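Trainee: model this:
(one chain, ligands or ions: 1)
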Amino acid sequence: MVLRKLPGVSASGMGLRLSQKFVFLLFLSGLVTLCFGALFFLPDTVRLNSTGMSRYRRGLIKPGMSETLSPEKRQGEGKMKRVRIETRYLHIKRVIRGDFTDLNLFVLCLQMMKFAWDNYKRYAWGNNELRPLTRNGHLGNMFGGLRGASIVDSLDTLYIMGLMEEYEEAKEWVQNNLDLNSNGEASLFEVNIRYVGGLLSAYYLTGAEIFKQKVMELGEKLLPAFNTPTGIPRGVINLGSGTSWSWGWASAGSSILAEFGTLHLEFLHLSQLSGNPLFTEKVMNIRKLLNKIEKPHGLYPNFLSPVSGNWVQHHVSIGGLGDSFYEYLIKSYLMSDKTDQEAQKMYYSAMEAIETNLVQKSPGGLTYLAEWRGGILDHKMGHLACFSGGMIGIGADDGPAGQRQHYLDLAAEITHTCHESYSRSATKLGPEAFRFDAGAEATATRLSDRYYILRPEVIESYMYMWRLTHDPKYREWGWEAVEALEKHCRVDAGFSGIRDVYASTVSHDNMQQSFFLSETLKYLYLLFSDDDLLPLEDWVFNTEAHPLPVIRKRSSKAAFKFDSFL
Ligand code: DMJ
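Mentor: As a prediction, the model looks like this:
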């Protein structure tokens, strides 16, 4: 006993003189301050390791595990200590410039998230997005009267980053204010990827029942959109009446490939959670139709009639209108624990057709994905198409024998081209679309293509390519993007898109998109985190970056038999 060794001091301390008591108390308080202060000088990984979050980092929490925790434990997890980083921010920023190997750059991304979130909370709480210049909220008309898109889109990002106070306020909002009884025109696709994806992911990460309740209620409301002669859903649905119709701009009342082809992951999980096979039946029907239909040169055009089940126009694109359909094929295969062979086959056949018909090399040696209009190539690549570096990367392992390195090389080349579209601009951010004709090489030629709206796709590919190769250039490129975002998109009250990436004096568009919080900042955070934070073997990210767990082949807990649909 330490106290016994001090001369003249009894073990109980009752015999201490006043001066001795004072010295002892001084010593004790010094010790406490020292221990507490030391917390702030520890590397962030160590501090994070003292929270439940570290259990994700070390891969100790597996998908679905929090479901098995007792309510008390769950609550305990909810009280994870928030990482205090503000005071360290400037210091770290200075230090990291020369060294990308050792420092916790993810902390900076966390700080950006906190800034984006705090401003949304202050000026736009409950609205769908923040308008950071005018300091107000934006509701828009994509979500059929649903509110709080930024909140639902942020739940998992906040949780993953360990911003627990913020996560708790978001959860409370969902509990008390997310009203699903709305009556407006909603995009089936947007509601699915942001709200259904966001709530599913929040449920799987935290085990909080409220997310499951809300997502099942919302899932049911989307079902009437599939009541068409073919079962291919229309793009727009009234969440109140269930009436659905096609977008006015979509040719001849058609449905869009990237919209009806981007429901699979979420709908499988709706069945998994509820035990109701209806959700899976709906998306399997889409799959079967697409598998059977004749495809021009093996390609999937972007417009299909929900009445006749035929293609309406022969426009093919791996960017807007087509993009996430391909993404969901390979991810359906991965999310099925590699059992969904139909998705596997469709994905690699589509890749073969894409390579034969769309993959091009520019005179300057840049690999890009052109668009296809009835056999004529348009030598343009959209920012949206830049997700494909990551997609081709994660698909490299399971293609035809001997193709692994080929796919990894293609993924790296496309990611390189997308990085070039950033590095060739004055702001070091990329345009909405860039071209490879009339002397252009990865630059926008039209004024209307020069904007950047805080999109994630290029950073998304950096994150996957980093995980797959550990080539430090992907972290360097990610850091360039952080610097550019900080310099050109950060305004006093949040982050804003910009109108022209080639203008060194930027003009802001006054919109902090919800996918900036859900995707861009999450992918940056993951790029700078250890690989065991949401390992790719266990989690699949939906197209809005919401992580969904792989459905294990022999999951004893499975409420519903996934394989019976294959
Ligand atoms: C996001 O909502 C999703 O990534 C979607 O698949 C495409 N567009 C935005 C981000 O750019």
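Trainee: contacts and neighbour counts: CA atoms only from here.
Mentor: Will do.
Trainee: Go ahead and confirm Asp153 touches Tyr195.
Mentor: Yes. Using CA atoms under 8 Å, Asp153 makes contact with Tyr195 at a distance of 6.9 Å.
Trainee: quick one: which of these two has more around it?
Mentor: Using other CA atoms under 10 Å as the criterion, Asp153 and Tyr195 rank with Asp153 on top: 30 against 27.
Trainee: Distance-wise, check the more buried one relative to the ligand.
Mentor: 10 Å (CA to the nearest ligand atom, to the nearest Å).
Trainee: do the same with Glu457
Mentor: Taking CA to the nearest ligand atom as the criterion, Glu457 is separated from the ligand by 6 Å.
Trainee: can you pull the pLDDT of that residue?
Mentor: At Glu457, the model reports a pLDDT of 99.
Trainee: Could you do Phe211 as well?
Mentor: 98.
Trainee: now for the host helix or strand of Gln272, which elements pack on it?
Mentor: Assessed by DSSP states H and E, Gln272 sits inside helix 264-274. Using 3 or more CA pairs under 8 Å, 6 or more residues apart in numbering; DSSP states H and E as the contact test, the elements touching helix 264-274 are helix 197-206, helix 209-222, helix 278-292, helix 323-335.
Trainee: Quick check: which of those has the most neighbours on average?
Mentor: When you average the neighbours per residue for each of the helices and strands packed on helix 264-274 (mean count of other CA atoms under 10 Å), helix 197-206 leads with a mean of 27.
Trainee: what residues does that helix touch?
Mentor: Counting by CA atoms under 8 Å, 6 or more residues apart in numbering, helix 197-206 makes contact with 63-64, 66-67, 74, 152-156, 159, 208-212, 214-215, 266, 269, 542, 544, 546-549, all of which sit outside it.
Trainee: orientation of that helix relative to helix 209-222 in degrees?
Mentor: 150 degrees (axes from the mean of the first three to the mean of the last three CA atoms, to 10 degrees).
Trainee: For the ligand, tell me whether helix 197-206 is touching it.
Mentor: No. With CA under 6 Å from any ligand atom as the criterion, the ligand is not reached by helix 197-206; the gap is at least 11.0 Å.
Trainee: Also compute the angle for that helix relative to helix 264-274, please.
Mentor: If you take the same axes, to 10 degrees, helix 197-206 sits at 50 degrees to helix 264-274.
Trainee: what does this structure have sitting close to the ligand?
Mentor: Ser324, Arg455, Pro456, Phe515, Thr543, Glu544.
Trainee: Just the ones of these in helices?
Mentor: Ser324, Phe515 (DSSP state H).
Trainee: Can you lay out the residues of the chain next to the ligand as JSON lines showing distance to Asn127?
Mentor: Shown next, in JSON lines, are the residues of the chain next to the ligand (distance: CA to CA, whole Å):
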{"residue": "Ser324", "distance to Asn127": "26"}
{"residue": "Arg455", "distance to Asn127": "20"}
{"residue": "Pro456", "distance to Asn127": "21"}
{"residue": "Phe515", "distance to Asn127": "14"}
{"residue": "Thr543", "distance to Asn127": "22"}
{"residue": "Glu544", "distance to Asn127": "19"}
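Trainee: Among the residues of the chain next to the ligand, which one has the most neighbours?
Mentor: Most surrounded of those: other CA under 10 Å gives Ser324, at 27 neighbours.
Trainee: tell me the pLDDT at that residue?
Mentor: 98.
Trainee: got it, and Tyr347?
Mentor: Reading off the confidence values, Tyr347 has pLDDT 99.
Trainee: give the contact list for Ser254.
Mentor: Ser254 sits next to Arg234, Ser246, Trp247, Phe303, Leu304, Ser305, Pro306, Val312 when contact means CA under 8 Å, 6+ apart.
Trainee: what about burial for these, which qualify?
Mentor: Applying 16 or more other CA atoms under 10 Å to these, the neighbour count classes Arg234, Ser246, Trp247, Phe303, Leu304, Ser305, Pro306, Val312 as buried.
Trainee: Show the backbone phi and psi for the closest residue in space to Pro547 that isn't next to it in sequence.
Mentor: Among residues not flanking Pro547 along the chain, Phe541 sits closest, at 4.2 Å (CA to CA, 6 or more residues apart in numbering). Per-residue torsions, Phe541: phi -90, psi 130 (degrees, to the nearest 10).
Trainee: Could you do Leu377 as well?
Mentor: Main-chain dihedrals, Leu377, degrees, to the nearest 10: phi -90, psi 140.
Trainee: how much space between it and Glu371?
Mentor: 6 Å (CA to CA, to the nearest Å).
Trainee: which neighbours do the two share?
Mentor: The contact sets of Leu377 and Glu371 overlap at Leu358 (CA under 8 Å, 6+ apart).
Trainee: The two: who's more crowded?
Mentor: Between Leu377 and Glu371, counting by other CA under 10 Å, Glu371 is the more crowded of the two (23 against 16).
Trainee: tell me the contacts of the more buried one?
Mentor: Going by CA under 8 Å, 6+ apart, Glu371 touches His315, Val316, Ser317, Ile318, Leu358, Leu377, Asp378, His379, Lys380, Met381.
Trainee: cool, and Phe267?
Mentor: Phe267 makes contacts with Gly219, Phe279, Thr280, Val283, as judged by CA under 8 Å, 6+ apart.
Trainee: what do you get if the cut-off is 7 Å, keeping everything else the same?
Mentor: Phe279, Thr280 (CA atoms under 7 Å, 6 or more residues apart in numbering).
Trainee: Just say helix, strand or coil for Pro431.
Mentor: Here Pro431 is coil, with the state taken from DSSP: H, G, I helix; E, B strand; the rest coil.
Trainee: Next, give phi and psi for it.
Mentor: According to degrees, to the nearest 10, Pro431 has phi -80, psi 170.
Trainee: So it sits against Tyr452, correct?
Mentor: Yes. The pair Pro431 / Tyr452 is scored as a contact, 5.5 Å apart, by CA atoms under 7 Å.
Trainee: Those two: who's more crowded?
Mentor: Pro431 (30 against 21).
Trainee: How about that one, nearest residue that isn't a chain neighbour?
Mentor: Distances taken as CA to CA, 6+ apart put Arg450 closest to Pro431, at 4.7 Å, once the chain neighbours are dropped.
Trainee: ok and the residue in the stretch 351-500 of the chain nearest the ligand?
Mentor: Using CA to the nearest ligand atom, Arg455 is the residue of the stretch 351-500 of the chain that sits closest to the ligand, at 4.3 Å.
Trainee: quick one, phi psi at that residue?
Mentor: phi -70, psi 150.
Trainee: how near is it to Leu527?
Mentor: Using CA to CA, one gets 16 Å for the distance from Arg455 to Leu527.
Trainee: Leu178 now?
Mentor: Distance of Leu178 to Leu527, given as CA to CA: 31 Å.
Trainee: These two: who's more crowded?
Mentor: Leu527 (26 against 18).
Trainee: so the more buried one makes contact with Glu460?
Mentor: No. Checked against CA under 7 Å, the pair Leu527 and Glu460 is beyond contact range at 8.6 Å.
Trainee: thinking again about what came up before, show me whatever sits in contact with both of Pro431 and Tyr452.
Mentor: Here Pro431 and Tyr452 share the contacting residues Val501, scored by CA under 7 Å, 6+ apart.
Trainee: so who does Gly184 touch?
Mentor: Counting by CA under 7 Å, 6+ apart, Gly184 touches Gly144, Gly145, Asn238, Leu239.
Trainee: With pLDDT, secondary structure and neighbour count as new columns, can those be given to me in CSV?
Mentor: What follows is the contacts of Gly184, written out as CSV (pLDDT from 0 to 100; DSSP: H, G, I helix; E, B strand; the rest coil; neighbours: other CA atoms under 10 Å):
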residue, pLDDT, secondary structure, neighbour count
Gly144, 96, coil, 23
Gly145, 97, coil, 21
Asn238, 97, strand, 23
Leu239, 96, coil, 28
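Trainee: Let's have those residues in JSON lines, adding distance to Ser507.
Mentor: Shown next, in JSON lines, are the contacts of Gly184 (distance: CA to CA, whole Å):
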{"residue": "Gly144", "distance to Ser507": "30"}
{"residue": "Gly145", "distance to Ser507": "30"}
{"residue": "Asn238", "distance to Ser507": "36"}
{"residue": "Leu239", "distance to Ser507": "36"}
